[in-house]
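Participant: Need coordinates for the following:
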Amino acid sequence: MAQLKMLWFGGAPALTEIPEGFDIITHADDGKYGADLTAGWIDACEELNGKLVTREDFQKSMLDDPALTPAQIFYIVERSSGSVGGTAAALMNPDCPSLHMVGVSKAYRGRGLSAPVCAAVLRYFDENGVRRASLNTDDFRIPAIKTYLRLGYRPWLYEDDMAERWTAIYAKIGADSSEYPMLPAES
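Facilitator: Residues are numbered from 1 along each chain as shown. Sure, this is the predicted structure:
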């Protein structure tokens, strides 16, 4: 089954509150607060990849990607411990930039960390003239989908079964297409 896709059409979201004791930094800030950002990324994204990843995997899939720079890989870091709570990246594909590799470490889930780190990516897009960005997600990632909807992403009906799948998701979260319109395939 194909992943779900969502689109965003510019305009940085209202400032999303960063929880007390946390900061948003980028991979260019590696070492700030004593953080090992690569290890934090691996921890936060472990479930996204379906397997443990190595530093070499991070290097190949993130740092060696020509559509990413260290300044486009964002982290929300706990100041006191230097621990990475979550991450998201601004993948600057020429055809359509993308919110990429959003993950929150198991130890930090449920603390409201994904919205601020995703909002940092959207502000990056906005500051760099991006007026359309996408993301891929899965039907079962309900908390993530709620965050994406609040940040302005909308479901993209790029395949025939998408409307039915999104209708089922809306039923789970108590929303509907009048609140969050679904976008036709030609969007």
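Participant: Provide the secondary structure category for the closest residue to residue 182 other than its chain neighbours.
Facilitator: What sits nearest to residue 182 in space, not counting adjacent residues and going by CB to CB, 6 or more residues apart in numbering, is residue 155, at 4.6 Å. In short, each C-beta sits where N, CA and C put it, glycine included. In three-state terms, and counting by DSSP: H, G, I helix; E, B strand; the rest coil, residue 155 is strand.
Participant: Count the neighbours of residue 155 for me.
Facilitator: A total of 25 residues lie near residue 155 under the criterion other CB atoms under 10 Å.
Participant: Just list whatever residues bridge to it.
Facilitator: residue 6 (DSSP bridges).
Participant: OK, contacts around it?
Facilitator: Contact partners of residue 155, counting by CB atoms under 8 Å, 6 or more residues apart in numbering, are 4-6, 162, 166, 180, 182-183.
Participant: ok, these vs residue 146, which is closest?
Facilitator: Nearest to residue 146 out of the contacts of residue 155 is residue 180 (CB to CB; 10.0 Å).
Participant: ok now do the closest one, which residues does it touch?
Facilitator: Per CB under 8 Å, 6+ apart, neighbours of residue 180: 149, 154-155, 170.
Participant: Format those as JSON lines; extra columns: distance to residue 72.
Facilitator: Listed next are the contacts of residue 180 as JSON lines, based on distance: CB to CB, whole Å:
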{"residue": "149", "distance to residue 72": "23"}
{"residue": "154", "distance to residue 72": "23"}
{"residue": "155", "distance to residue 72": "25"}
{"residue": "170", "distance to residue 72": "31"}
